[in-house]
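Peer 1: model this:
(one chain, ligands or ions: 1)
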Amino acid sequence: MQRNIFSSEHEIFRDSVKRFVNEELVPHHHEWETARRVPREVWLKAGAAKILCCDLPEECGGAGADWLYNVVVIEELAYAGMSAPGFMVHSEMVAPYILTWGNEELKQKWLPLMVSGDAIGAVAMTEPGAGSDLKEMRTRAEREGDDYVIDGQKTYISNGQNCDFILLACKTDKDAGAKGISIVLIEANREGFARGRNLEKIGLKGQDTSELFFEHLRVPVANRLGAEGQGFKMLMSKLAQERLTQAIRSICVAEAAINWTVDYTKDRKAFGGTIADFQNTQFVLAQLSAETTALRVFTDWCIEKHLRQELTPVEAAKAKLLVTDLHCKVVDQCLQFFGGYGYMNEYPIARAYIDARITRIAGGAAEVMKQIIARDLFSRAG
Ligand SMILES: Cc1cc2nc3c(=O)[nH]c(=O)nc-3n(C[C@H](O)[C@H](O)[C@H](O)COP(=O)(O)OP(=O)(O)OC[C@H]3O[C@@H](n4cnc5c(N)ncnc54)[C@H](O)[C@@H]3O)c2cc1C
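Peer 2: Numbering: from 1, shown residues only. Take a look at the predicted model:
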């Protein structure tokens with residue numbers, strides 16, 4: 001499909017990202033899946049290739065590029081079937097929080113290091129007892145003079161093993177529900193911080209995902225992002241970008257999976273012809289292609305709105321809900337045409353199938369997306 005959102009400069013950048021992905025990531029992805037993490041040098045190489053946090057302003061060490069450069073990076077990683085490294089959390093979640101709400105000192109210290117790949121960031125919201133319902137989190141930040149003393153536990157944290165710092169969502173007022181949540185930047189070398197297990201997942205195997213523990217950890221109040229008690233609001237406003245980012249990834253995987261399947265079925269012989277000769281194959285792929293094109297148009301429309309800072313949380317929820325659902329359907333139906341080969345890890349379709357499942361859970365479960373959309377629908381007057 002002809003897309004109109006990118007300029008020729010974006011396409012030149014795309015070529016360099018594609019080269020980086022093919023030379024530096026694709027050949028090692030299987031090793032990282034086995035090791036269940038990515039070596040730090042890869043982050044440094046990505047920094048040198050200028051593909052981390054592309055849109056950060058020059059005064060923060062970035063290229064001052066528009067967000068479409070970030071989109072190009074997300075897309076090329078997705079088209080190549082790369083589920084690791086965890087660049088998306090780093091560039092699309094952590095950096096925007098610091099840029100928007102960090103004080104000058106935090107910005108000057110961390111953002112240039114994030115651009116160069118010298119520092120890896122994580123965001124810790126989820127706890128063993130609180131995921132979708134974040135206001136129930138129990139990690140506590142008790143004020144003592146100019147410090148907070150933090151106690152609590154997080155789980156499922158992407159980049160949890162590799163990170164140099166964490167944006168921690170915690171309760172600065174335990175009785176104020178969502179209004180008692182703040183976000184504090186915690187350096188990983190602080191006393192009282194411990195990493196738990198690198199969790200064993202069914203997919204996204206190259207990404208490290210961890211439990212994190214905080215025990216009487218003392219951190220200056222100056223490490224807080226934004227005002228005290230505003231954390232929930234901050235999370236909700238940035239979650240729209242995270243959800244759109246997921247939709248961008250998912251639509252690319254759907255497009256790639258259809259292409260892999262067309263190529264494979266044209267080659268694979270059966271019953272005197274090819275698998276592609278069956279009308280069933282053609283009709284199933286035609287249907288998936290039509291649905292993917294429709295959601296590609298919607299996703300690009302959301303990207304354009306986001307560039308104008310007009311994308312609403314409801315629109316982002318709609319994009320995540322529909323595109324991740326289609327993503328899962330496409331990889332499932334495409335895998336079927338690969339037969340037994342589709343069940344073998346060496347085939348991208350097999351990994352895409354396993355990696356797809358998380359998209360309907362993380363960053364807000366599908367049901368939570370429906371809740372956001374329904375709340376908007378039913379709150380309208382008349
Ligand atoms: C690989 C991976 C990476 C992750 N990375 C991070 C990270 O970097 N940082 C971070 O903070 N978290 C991260 N998470 C956590 C993720 O965001 C949560 O798993 C997700 O928000 C769901 O929370 P939960 O697992 O506690 O499920 P629960 O909240 O227990 O929900 C379970 C299920 O209940 C249903 N449900 C929940 N709420 C509703 C509702 N309102 N209406 C109807 N049904 C509902 C849904 O079916 C949902 O899937 C990650 C998780 C995974 C698996």
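Peer 1: which residues are in contact with the residue nearest to residue 92 when sequence neighbours are not counted?
Peer 2: Excluding the flanking residues, the one nearest residue 92 by CB to CB, 6 or more residues apart in numbering is residue 245, at 4.7 Å. Quick note: C-beta positions are derived from backbone N, CA and C, even for glycine. Listed by CB atoms under 8 Å, 6 or more residues apart in numbering, the contact set of residue 245 reads 74, 88, 92.
Peer 1: excluding chain neighbours, what is closest to the first one?
Peer 2: The shortest distance from residue 74 to any residue other than its chain neighbours is 5.2 Å, reached at residue 248 (CB to CB, 6+ apart).
Peer 1: one step back: pretty sure the residue nearest to residue 92 is in a helix, no?
Peer 2: Yes. According to DSSP: H, G, I helix; E, B strand; the rest coil, residue 245 belongs to a helix.
Peer 1: the stretch 151-300 of the chain: strands as residue ranges?
Peer 2: 165-171, 181-187, 193-198, 209-220, 224-225, 269-270, 273-274 (DSSP state E, counting those that start in this stretch).
Peer 1: dump the ones you listed to JSON lines, plus mean pLDDT, mean neighbour count and distance to the ligand.
Peer 2: Converted to JSON lines, the strands of the stretch 151-300 of the chain look like this (pLDDT from 0 to 100; neighbours: other CB atoms under 10 Å; distance: least, CB to the nearest ligand atom, whole Å):
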{"stretch": "strand 165-171", "mean pLDDT": "98", "mean neighbour count": "26", "distance to the ligand": "7"}
{"stretch": "strand 181-187", "mean pLDDT": "98", "mean neighbour count": "24", "distance to the ligand": "11"}
{"stretch": "strand 193-198", "mean pLDDT": "97", "mean neighbour count": "15", "distance to the ligand": "12"}
{"stretch": "strand 209-220", "mean pLDDT": "98", "mean neighbour count": "19", "distance to the ligand": "5"}
{"stretch": "strand 224-225", "mean pLDDT": "98", "mean neighbour count": "22", "distance to the ligand": "15"}
{"stretch": "strand 269-270", "mean pLDDT": "97", "mean neighbour count": "10", "distance to the ligand": "37"}
{"stretch": "strand 273-274", "mean pLDDT": "98", "mean neighbour count": "12", "distance to the ligand": "37"}
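Peer 1: what does this protein have sitting close to the ligand?
Peer 2: 89, 123-126, 131-132, 156-158, 201, 204, 209, 358, 361-365, 367-368, 371 (CB under 6 Å from any ligand atom).
Peer 1: just the ones of the residues you listed in helices?
Peer 2: 367, 368, 371 (DSSP state H).
Peer 1: quick one, phi/psi of residue 268?
Peer 2: Backbone geometry at residue 268, expressed as degrees, to the nearest 10, gives phi -80, psi 120.
Peer 1: what's the answer for residue 147, then?
Peer 2: According to degrees, to the nearest 10, residue 147 has phi -120, psi 160.
Peer 1: which non-adjacent residue is nearest it?
Peer 2: residue 218 (5.0 Å).
Peer 1: hmm, residue 143 and that neighbour touching each other?
Peer 2: No. The criterion here is CB atoms under 8 Å, and residue 218 misses it with residue 143 at 11.3 Å.
Peer 1: residues in contact with residue 354?
Peer 2: Residue 354 neighbours (CB under 8 Å, 6+ apart): 202, 203.
Peer 1: ok, now residue 71?
Peer 2: Residue 71 neighbours (CB under 8 Å, 6+ apart): 248, 303.
Peer 1: try residue 313
Peer 2: Contacts of residue 313 by CB under 8 Å, 6+ apart are 236, 237, 239, 240, 372.
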